[in-house]
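S.K.: can't give you the sequence, but here's the structure:
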């Protein structure tokens with residue numbers, strides 16, 4: 001990327017963002033934990049500073065439709081069927097440039113509609129079976145477009161959005177990511193696919209198996225590029241790009257633009273246009289429509305506080321973020337025992353259980369999802385009203401992407417962050433990095449008056465949901481699919497699944513123990529016998545069983561006696 005690269009900046013943030021919820025203002029409650037961000041400006045993590053701005057041309061974005069930008073009628077009709085008529089700023093700014101075939105670096109805050117920004121031009125440049133020109137195209141049946149994403153949840157989400165936009169087209173969209181069996185994905189690719197959406201690890205696995213051919217790919221999208229680099233996927237991304245055509249169109253989208261992303265763009269893109277969709281005067285990294293609250297809480301009192309927040313007026317779908325898998329599982333179980341319809345999403349769950357929890361959340365069978373950061377970029381539900389950071393995020397980037405699960409698509413939201421005593425230094429760094437004024441969170445317990453006033457919690461609320469309000473079907477009402485999972489350790493990221501020792505490249509567990517790794521111990525064959533340890537050996541070279549010398553009170557006892 002050179003200094004002459006054009007940069008387009010929109011004057012409006014995500015359409016007309018709804019105003020934030022109005023719990024009691026900080027002015028009237030000086031002991032409140034509510035953060036006022038109207039005057040806070042933080043340095044954007046961006047080493048590709050704007051050098052060209054276009055402040056006047058996009059003033060009427062809210063009254064323009066997708067058709068006004070030249071989007072073909074079939075896509076417009078499919079979007080209209082889903083109630084999507086007017087583009088958000090990142091989409092409106094991207095469409096004219098992308099439809100010209102230019103490379104793009106798209107930067108917008110999370111939740112502002114980047115998917116359709118690259119998805120619509122990609123669909124318009126792709127031919128499906130039976131469409132005019134498809135039969136004579138040398139690329140018929142092989143991928144014409146590739147979208148690379150860092151997480152399984154995000155890959156599934158993007159593929160679903162593209163399928164909705166392509167509902168009136170014959171374009172075939174195939175998802176490939178870890179945690180699922182190889183065979184269905186291989187079969188889908190062999191039948192033919194115009195668009196492939198996947199994570200780096202599984203994409204390379206399929207490339208190495210000579211199942212995925214990227215020679216005819218004319219458009220490559222790298223979504224959430226900063227997250228992919230954070231997860232260590234840079235070598236994989238470079239290997240994937242090397243398998244595509246040199247004259248491809250490349251679109252890179254990211255919420256933040258650190259130096260590593262800029263370097264990637266310089267190396268693999270040709271004179272990209274840098275598009276930033278945000279207010280010229282708004283340099284904060286968080287969406288204004290999200291009311292942010294931060295409390296210093298005691299670890300033993302957090303669940304009590306959460307149980308009351310979940311009964312706040314107007315509270316809808318809620319995501320609770322924890323740093324560890326064990327904490328996420330424990331909090332989900334505790335809240336479920338208190339009557340809340342709760343699901344969990346963490347690395348100790350198989351892919352089927354993870355998708356079950358997400359479906360139950362989207363379908364309204366549970367309204368509380370307790371997740372680790374594996375889900376921070378993979379959940380796209382527009383009506384999430386509350387995000388609770390049960391444990392303080394590691395840094396400002398994690399904080400931004402967590403709270404970005406609410407306040408999406410112009411909606412209002414509330415983000416609550418708990419800070420333990422030993423996390424105060426970490427929070428100070430986050431607050432400083434984001435320009436947030438609250439560096440010393442107020443001490444808060446479930447009995448604190450400001451907790452109820454800040455978050456509109458009715459007086460007399462207890463830590464248990466009344467039976468009269470337990471109206472949701474719950475997690476068990478959503479069926480869990482048999483995905484033919486490649487081992488039950490599918491919570492690990494796609495990179496670890498591919499390279500770690502727990503699963504070989506053929507997808508089989510290499511250290512299966514009973515049902516845990518998906519491989520049960522086999523039955524003895526003729527001439528073999530099972531040892532006391534459960535292992536099977538042949539008759540010629542028997543394995544020596546362990547001889548345990550059991551004692552009671554220091555005296556040997558008969559091994560046949562009672563334990």
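M.R.: Looks like it arrived, so ask away. Quantities reported herein were computed from a predicted structural model and do not represent experimental measurements. Numbers count the residues shown, from 1 in each chain.

S.K.: distance of the nearest residue to residue 82 once chain neighbours are set aside from residue 456?
M.R.: Counting by CB to CB, 6 or more residues apart in numbering, residue 82 lies nearest to residue 164, which is 5.7 Å off, once chain neighbours are set aside. Any C-beta I mention is one placed from the backbone N, CA and C, and that applies to glycine too. To residue 456, residue 164 is 34 Å away according to CB to CB, to the nearest Å.

S.K.: What count of nearby residues applies to the residue nearest to residue 82?
M.R.: If you count neighbours by other CB atoms under 10 Å, residue 164 ends up with 16.

S.K.: buried stuff in stretch 239-258?
M.R.: For stretch 239-258, the neighbour count (16 or more other CB atoms under 10 Å) marks 240-241, 244, 248-258 as buried.

S.K.: Just to check, residue 305 is in contact with residue 418?
M.R.: Yes: counting by CB atoms under 8 Å, residue 305 touches residue 418, with 7.4 Å between them.

S.K.: Residue 94 and residue 242: what is the separation?
M.R.: Taken as CB to CB, the span from residue 94 to residue 242 is 26 Å.

S.K.: quick check, residue 180 in a helix?
M.R.: No: judged by DSSP: H, G, I helix; E, B strand; the rest coil, residue 180 forms no part of a helix; its state is coil.

S.K.: okay, it: pLDDT?
M.R.: Predicted confidence (pLDDT) for residue 180: 85.

S.K.: I'd like to know how many residues surround it.
M.R.: Per other CB under 10 Å, the neighbour tally for residue 180 reads 22.

S.K.: That one against residue 351, yeah?
M.R.: Yes: assessed by CB under 8 Å, residue 180 is found in contact with residue 351 at 5.9 Å.

S.K.: Tell me which helix or strand in this structure has the weakest average pLDDT.
M.R.: helix 494-499 (a mean of 39; mean pLDDT, DSSP states H and E).

S.K.: which SS class is residue 344?
M.R.: Assignment for residue 344 (three-state DSSP): strand.

S.K.: pLDDT at residue 501, what is it?
M.R.: pLDDT for residue 501: 38.

S.K.: Next one: residue 219 from residue 248, what distance?
M.R.: Relative to residue 248, residue 219 is positioned 6 Å away (CB to CB).

S.K.: joint contacts of the two?
M.R.: Listed contacts common to residue 219 and residue 248 are nil; contacts here mean CB atoms under 8 Å, 6 or more residues apart in numbering.

S.K.: separation between residue 203 and residue 192?
M.R.: Separation of residue 203 from residue 192 (CB to CB): 17 Å.

S.K.: In terms of neighbours, single out the busier of the two.
M.R.: A count of neighbours by other CB under 10 Å puts residue 203 above the other of residue 203 and residue 192, at 26 against 14.

S.K.: which residues touch the more buried one?
M.R.: Residue 203 touches 146, 148, 176, 196, 212, 236, 240, counting by CB under 8 Å, 6+ apart.

S.K.: Tell me which residues of the helix or strand containing it come out buried.
M.R.: Here residue 203, judged by DSSP states H and E, is contained in helix 200-208. Going by neighbour count (16+ other CB under 10 Å), the buried part of helix 200-208 is 200, 201, 202, 203, 204, 205, 206.

S.K.: go on, stretch 390-400?
M.R.: So stretch 390-400, judged by 16+ other CB under 10 Å, has buried residues 390, 391, 392, 393, 396, 397, 398, 399, 400.
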